[in-house]
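Peer 1: predicted structure and sequence below. I'll ask about it afterward.
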There are 2 protein chains.
Amino acid sequence: MLLYPGFTALDLVGPHYFFASLMGAKVDLVTTGQDLSPVRSDLGLAVSPTVTVSGATSAPTILFVPGGSAGTVAAMRDDAIADFVATRGAAATWVTSVCTGSLVLARAGLLKGRRATSHWVARDLLAEFGAIPVNERVVIDGNVVTGAGVTAGLDFAISLIAQLRGRPYAQALMLQGEYAPQPPFRGGTYESTDPAIAGAMKDMFATVTAEMAAIASSGR
Amino acid sequence: MLLYPGFTALDLVGPHYFFASLMGAKVDLVTTGQDLSPVRSDLGLAVSPTVTVSGATSAPTILFVPGGSAGTVAAMRDDAIADFVATRGAAATWVTSVCTGSLVLARAGLLKGRRATSHWVARDLLAEFGAIPVNERVVIDGNVVTGAGVTAGLDFAISLIAQLRGRPYAQALMLQGEYAPQPPFRGGTYESTDPAIAGAMKDMFATVTAEMAAIASSGR
């Protein structure tokens, strides 16, 4: 699981809960930094990495990239991160992301011709990197598994665990994590949210999405 | 938000995402340790605190306690933690928890006569501390707001934000976090899970729940 400055902590911690609960699993948090200092997420919460890029396993079962906003733009502009994601992704059994993490996979060339999703503000940008954007919460295309924005990481992780260990195992972890969601209000998608709220939220992210689009057209 | 060794990271990071997204909010991560070293969660992921108990604000808007298993038992046995939770809870506008964090609140004497919930394996134990266990995902009783196990932290946080800032604000953050869950399978509650799976999971937690019950009867 990749940690870079400005990642969204919940994008990562949701799937981490389910992955780290798998019997026999070893989950590494790989920092893009030079040492094992905690990595600050977009909302300030900092997580300790377990290994640096140079010490990360060469052929992971799962490569996972979380999303973010300005931090993700910076990660997409970083050739060293793109190289790491490309080489580990080529060797991984599963290539995965939540939220705008899929843009990092796309920038590294891992999503060409693949069906994939992302946070709703950035989903369509996947096409500019040669991927096929899909408006679904979890998208599985061969060994590429992508989740939509932030909280979709829970549905993403449970879907992936069912692929890895079967449905009863996934259901056991759903019960352990009491995953029977009851959103208190209607909403959570662009289509189901009051247009005044949804439009304002889209505007808030306009700079970030423009920067991501610029990376697609320039190649970095 | 309290950090103690062995807390469940997702219990905390779910609500943190929503709290820290509130305009003007200052979210502190208060360690029970002596310094600001990262605090290791039950599944290994370590989070950096922002302040120690001695530096924590005396009257927070929200006191929040995450759950865990063996680490939560240890926290319940610790008089200093109980004192901190009791005094900050008495001064807080909102007294809150997710998962077995409610047992820490109960042990500190904050739930007497209050309706509250917890992780399903531990919910009934609330009665032994004078609280009224309720089988609901989010329970609001006056200024006490408790969420059920782990992933209930999302529904909990959105419910609390609606109390603090109103429903449109809560819906804006639901859209930001794309909170329109689609569990891939039926389950997530004891009642909706295959009895063979649910029974095995309950047995896995039997030691922890027995230890929590023993704390109730001994007072610590």
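Peer 2: On my side now, so go ahead.

Peer 1: please name the bridge partners of the residue nearest to the spatial centre of chain A.
Peer 2: Centroid check for chain A by CA atoms, centre = their mean gives A:Val98 as the closest residue, at 2.5 Å. On DSSP bridges, the residues paired with A:Val98 through beta bridges are A:Gly147.

Peer 1: which non-adjacent residue is nearest A:Ala170?
Peer 2: What sits nearest to A:Ala170 in space, not counting adjacent residues and going by CB to CB, 6 or more residues apart in numbering or on different chains, is A:Ala162, at 4.1 Å. C-beta here means a position set from N, CA and C on the backbone, and glycine is covered the same way.

Peer 1: try A:Gly153
Peer 2: On the basis of CB to CB, 6+ apart, the spatially nearest residue to A:Gly153 that is not a chain neighbour turns out to be A:Gly14, at 3.5 Å.

Peer 1: the one you found is in contact with A:Leu154, isn't it?
Peer 2: Yes: assessed by CB atoms under 8 Å, A:Gly14 is found in contact with A:Leu154 at 4.8 Å.

Peer 1: okay, angle between the helix or strand hosting the residue nearest to A:Gly153 and helix B:9-20 too, please.
Peer 2: Mapping A:Gly14 onto the secondary structure by DSSP states H and E places it in helix A:9-20. If you take axes from the mean of the first three to the mean of the last three CA atoms, to 10 degrees, helix A:9-20 sits at 170 degrees to helix B:9-20.

Peer 1: show the contacting residues for A:Pro133.
Peer 2: For A:Pro133, the contact set (CB atoms under 8 Å, 6 or more residues apart in numbering or on different chains) comprises A:Ala116, A:Thr117, A:Ser118, A:Arg123, A:Asp124, A:Leu125, A:Leu126, A:Ala127.

Peer 1: can you report phi and psi for the last one?
Peer 2: The main-chain torsion angles of A:Ala127 are listed as degrees, to the nearest 10 and equal phi -60, psi -30.

Peer 1: tell me what the nearest residue to it once chain neighbours are set aside is bridged to.
Peer 2: Closest residue to A:Ala127 in three dimensions, ignoring its sequence neighbours and counting by CB to CB, 6+ apart: A:Pro133, at 5.5 Å. With beta bridges defined as DSSP bridges, A:Pro133 has these partners: A:Ala116.

Peer 1: can you give me the strands in chain A?
Peer 2: Under the criterion DSSP state E, strands of chain A are mapped to A:2-3, A:30-31, A:39-40, A:46-47, A:51-52, A:62-65, A:94-98, A:115-116, A:132-133, A:138-141, A:144-147.

Peer 1: if I look at the residue of chain A positioned farthest from its centre, how far off is A:Ser41?
Peer 2: With distances taken from the mean C-alpha point of chain A and given as CA atoms, centre = their mean, the most distant residue is A:Ala196, at 27.5 Å. With distances defined as CB to CB, to the nearest Å, the gap from A:Ala196 to A:Ser41 amounts to 29 Å.

Peer 1: same question for A:Ile62.
Peer 2: From A:Ile62 over to A:Ser41 the distance is 20 Å, taken as CB to CB.

Peer 1: more neighbours: these two, which one.
Peer 2: Higher neighbour count among A:Ile62 and A:Ser41: A:Ser41, with 28 against 19, using other CB atoms under 10 Å in any protein chain shown.

Peer 1: surely that one touches A:Ser69?
Peer 2: No: with the criterion set as CB under 8 Å, A:Ser41 and A:Ser69 do not qualify as a contacting pair; they are 10.9 Å apart.

Peer 1: overlap in contacts of those two?
Peer 2: A:Gly6, A:Thr8.

Peer 1: where along chain A do the helices fall?
Peer 2: A:9-20, A:70-77, A:79-91, A:101-107, A:152-165, A:167-176, A:195-204, A:206-218 (DSSP state H).

Peer 1: could I get those helices as a markdown table with mean pLDDT?
Peer 2: Below are the helices of chain A laid out as a markdown table (pLDDT from 0 to 100):
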| stretch | mean pLDDT |
| --- | --- |
| helix A:9-20 | 98 |
| helix A:70-77 | 97 |
| helix A:79-91 | 97 |
| helix A:101-107 | 98 |
| helix A:152-165 | 97 |
| helix A:167-176 | 96 |
| helix A:195-204 | 92 |
| helix A:206-218 | 90 |
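
Peer 1: deepest of the ones you listed, which one?
Peer 2: Ranked by average neighbour count under the criterion mean count of other CB atoms under 10 Å in any protein chain shown, these are headed by helix A:101-107 at a mean of 30.

Peer 1: packing partners of that helix?
Peer 2: Counting contacts by 3 or more CB pairs under 8 Å, 6 or more residues apart in numbering or on different chains; DSSP states H and E, the secondary-structure elements packed against helix A:101-107 are strand A:62-65, helix A:70-77, helix A:79-91, strand A:94-98, strand A:115-116, strand A:144-147, helix A:206-218.

Peer 1: tell me how far stretch A:118-134 is from the chain's mean position?
Peer 2: A distance of 13 Å separates the C-alpha centroid of stretch A:118-134 from that of its chain, computed with CA atoms, centre = their mean, to the nearest Å.

Peer 1: and that stretch, what's buried?
Peer 2: Buried residues in stretch A:118-134, counted by 16 or more other CB atoms under 10 Å in any protein chain shown: A:118-123, A:125-126, A:128-129, A:131, A:133-134.

Peer 1: just checking, A:Ala213 touches A:Leu125?
Peer 2: Yes: with contacts defined as CB under 8 Å, A:Ala213 counts as touching A:Leu125 at a distance of 5.7 Å.

Peer 1: which residues does stretch A:34-53 contact?
Peer 2: Stretch A:34-53 is contacted by residues A:3-9, A:12-13, A:27-33, A:68-71, A:80, A:84, B:13, B:16-17, B:20-21, B:27, B:29, B:38, B:44-48, B:50 when judged by CB under 8 Å, 6+ apart.

Peer 1: hmm, back to that, where's the residue nearest to A:Ala127 relative to chain B, distance?
Peer 2: In this structure, A:Pro133 and chain B are separated by 15 Å, where distance is defined by CB to the nearest CB, to the nearest Å.
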